[in-house]
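**Student:** just need the structure, nothing else, for what follows:
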Amino acid sequence: MTNVEILPDVPAREIDLDHELDALAARYQGASGLGMKVLGVLGMPVGGLLKSLPQEVQTGLGSATEIALTQAVKWADGSRGVIKDQPDWINASITAALGAAGGAGGVTSSLAELPITVTVLLRAIQGVAAQYGFDPSQESVRFDCVRVLAANGPFEEDRGADLAMLEQRAGLAVGGAKWISSVIVPRLAPVLGQKLAAQAVPVIGAAAGAATNYAYTSYYQDITHVHFGLRKLAVEADVAPDDLIAAMRRRLGAE
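**Tutor:** Below you'll find the predicted structure:
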């Protein structure tokens, strides 16, 4: 297999670099807005969500996340030749339905639903990568798709950590499962813990599961658009990725 990230037959286009960076910065800034609105409508305090989970679930959150993510990577990669990529709104609708089903049964059914939801999330991320002309079967693209899940979830305030995530480059071949365990899981586990806690709320568990899954999927798809939008700009405009990140930081007031 050749080490080509860009899919063939991607047409060339004229680039207004400032305009495209402005659009990506706006998308980045708005990515978490829907998530905060969701919890606001549900009347759920973000800070106390994780603490509301049973202690045994809190203790096992890391291992549950690692299992879910490991399965998701396998299932998402294996499904690409069978199920075509879907539009963003369909992916969000699918995960919303999964969240409703998981939330209807509380924490137990939510844990069972977790690997399936993460798989759909990862497939959605891969689909966005393909929209920008990147081949998800290539190692570096596969790495970046998983790495997007290390971005803070839609209910987190620390957006600077998300931007730092966009600056890091490595490969799945270096570290493999160990890299997922040591880098991705510690950042993803609290995010998924918030999702589980929302779904465990009595009476509104199904509604909360649907709403949070929709918000999560929308958030990660937006972050993926930013991530691969920057990667594509680096290729098309022949600009160093570090320079593009610096330009994004200036637009976001992160410097």
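
**Student:** quick one: the helices in this protein?
**Tutor:** Assigned by DSSP state H, the chain shows helices spanning 17-30, 33-42, 55-59, 61-79, 88-104, 106-131, 139-147, 159-167, 176-179, 185-199, 205-236, 241-252.

**Student:** among those, which comes closest to Gly153?
**Tutor:** Closest approach to Gly153 among these is made by helix 185-199 (3.5 Å; CB to CB). C-beta coordinates here come from the backbone N, C-alpha and C atoms, glycine included.

**Student:** hey, C-alpha coordinates of the closest one in PDB?
**Tutor:** Output of helix 185-199 as PDB, limited to C-alpha atoms (Å, rounded to 0.1, in the frame of the first residue of the first chain):
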ATOM      1  CA  VAL A 185      -8.200   7.300  27.200                       C
ATOM      2  CA  PRO A 186      -7.300   9.700  30.100                       C
ATOM      3  CA  ARG A 187      -8.800  12.600  28.100                       C
ATOM      4  CA  LEU A 188     -11.800  10.800  26.600                       C
ATOM      5  CA  ALA A 189     -12.900   9.000  29.800                       C
ATOM      6  CA  PRO A 190     -14.100  12.100  31.700                       C
ATOM      7  CA  VAL A 191     -16.000  13.200  28.600                       C
ATOM      8  CA  LEU A 192     -17.800   9.800  28.300                       C
ATOM      9  CA  GLY A 193     -18.300   9.800  32.100                       C
ATOM     10  CA  GLN A 194     -20.300  13.000  31.700                       C
ATOM     11  CA  LYS A 195     -22.400  11.400  29.000                       C
ATOM     12  CA  LEU A 196     -23.100   8.300  31.200                       C
ATOM     13  CA  ALA A 197     -24.000  10.500  34.200                       C
ATOM     14  CA  ALA A 198     -26.500  12.500  32.100                       C
ATOM     15  CA  GLN A 199     -28.100   9.300  30.900                       C
END
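
**Student:** for that helix, which positions count as buried?
**Tutor:** 185, 187-199 (16 or more other CB atoms under 10 Å).

**Student:** next, the angle helix 106-131 makes with it.
**Tutor:** 120 degrees (axes from the mean of the first three to the mean of the last three CA atoms, to 10 degrees).

**Student:** helices or strands up against helix 185-199?
**Tutor:** helix 55-59, helix 61-79, helix 88-104, helix 106-131, helix 205-236 (3 or more CB pairs under 8 Å, 6 or more residues apart in numbering; DSSP states H and E).

**Student:** my guess is Thr119 meets Asp77, correct?
**Tutor:** No: contact criterion CB atoms under 8 Å: Thr119 and Asp77 do not qualify, at 9.9 Å.

**Student:** the more surrounded of those two?
**Tutor:** Thr119 (23 against 17; other CB atoms under 10 Å).

**Student:** count the residues that sit near the nearest residue to Leu230 once chain neighbours are set aside.
**Tutor:** Residue nearest to Leu230 in three dimensions, not counting chain neighbours: Leu244, with 5.2 Å by CB to CB, 6 or more residues apart in numbering. Neighbourhood size, Leu244 [other CB under 10 Å]: 21.

**Student:** can you check the one 3 residues further on too?
**Tutor:** Under the neighbour criterion other CB under 10 Å, Ala247 is assigned a count of 19.
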